[in-house]
Every structure is written in C-alpha cells, then in structure tokens.
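1. Quick one: sequence and predicted model below, then my questions.
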Amino acid sequence: MKVGLKMLHDQVLIRPHEEKDGAGGIYIPDSAKKKPTMGLVVAVGAGAKNSNGTLDPMCVKEGDVVLYRKWAGSEVEHEGVEYVVMKETDIIAIKEGK
C-alpha cells in the first residue's frame, strides 16, 4: 500500500485498526471507543544510526500487523486517512500468521 510518504530514520507509519461496532452491531460513539493499539504498517524508514555511525536495520516492514503502546506516536492525517507515526521502539510485537 503506497501512501506517498517516505518515513525517515526509525519512524514507522501505521494505519490503526479501529473498533467499528460493538457486539451485535451496536454503534459505539467515538468518545467511548478505546484507543487502537494494533495496526498495519504502511511505511518504514531506513533505520536509525547507532553510536558507530552505521544504520541499524528495521525489524518491521510494510504489510506487518503490529501491536504498539497505547499512547505511542503522533496521530496524523494524509489524504483523508488517519495514521499514527511512531518510533520502531514503541512497537511491542509483530503479529504472526493470519
């Protein structure tokens, strides 16, 4: 999924998975929804330079579904789509399998 944004350093662009409806199709207003902590990685920077000046490669890649810290990153909107930008260190896990 190309979004027209190139992330720098160890920054990761994530499209959060949002809770749409409650059990049984009950509408949940935005004010009552939990802040998402899982999402799809849509763009990844090249990595951060370490103390030796070499680039540490990123562990996550585009297409990964990740679990991240509840208050991590900054919410941004690009072309009408909501994303979260965060450092790779705010990502807790990569979902395996389907």
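-> Good, I have the coordinates.
2. Give me the sheet partners of the helix or strand harbouring A43 and which way each runs.
-> Assigned by DSSP states H and E, A43 falls within strand 38-44. With DSSP bridges as the test, strand 38-44 is paired with strand 11-16 (antiparallel), strand 65-68 (antiparallel).
3. What residues sit buried inside that strand?
-> By 16 or more other CB atoms under 10 Å, the buried positions in strand 38-44 come out as 39-44. To be clear about C-beta, it is placed using only N, CA and C from the backbone, and glycine gets the same treatment.
4. which residues touch it?
-> Strand 38-44 is contacted by residues 1, 3, 5-7, 11-17, 58, 60-68, 83-84, 88, 95 when judged by CB atoms under 8 Å, 6 or more residues apart in numbering.
5. cutoff 7 Å now
-> 1, 3, 5-7, 12-17, 58, 60-67, 84 (CB atoms under 7 Å, 6 or more residues apart in numbering).
6. Find the centremost residue of the chain, please.
-> I14 (2.5 Å; CA atoms, centre = their mean).
7. ok, that residue touching K87?
-> No: assessed by CB atoms under 7 Å, I14 is found out of contact with K87, at 11.4 Å.
8. now the helices for this protein?
-> Counting by DSSP state H, the chain has no helices to list.
9. could you point out where the protein is predicted with low confidence?
-> 1, 19-34, 98 (pLDDT under 70).
10. which residues of it fall in strands?
-> 11-16, 38-44, 65-68, 74-78, 81-87, 91-94 (DSSP state E).
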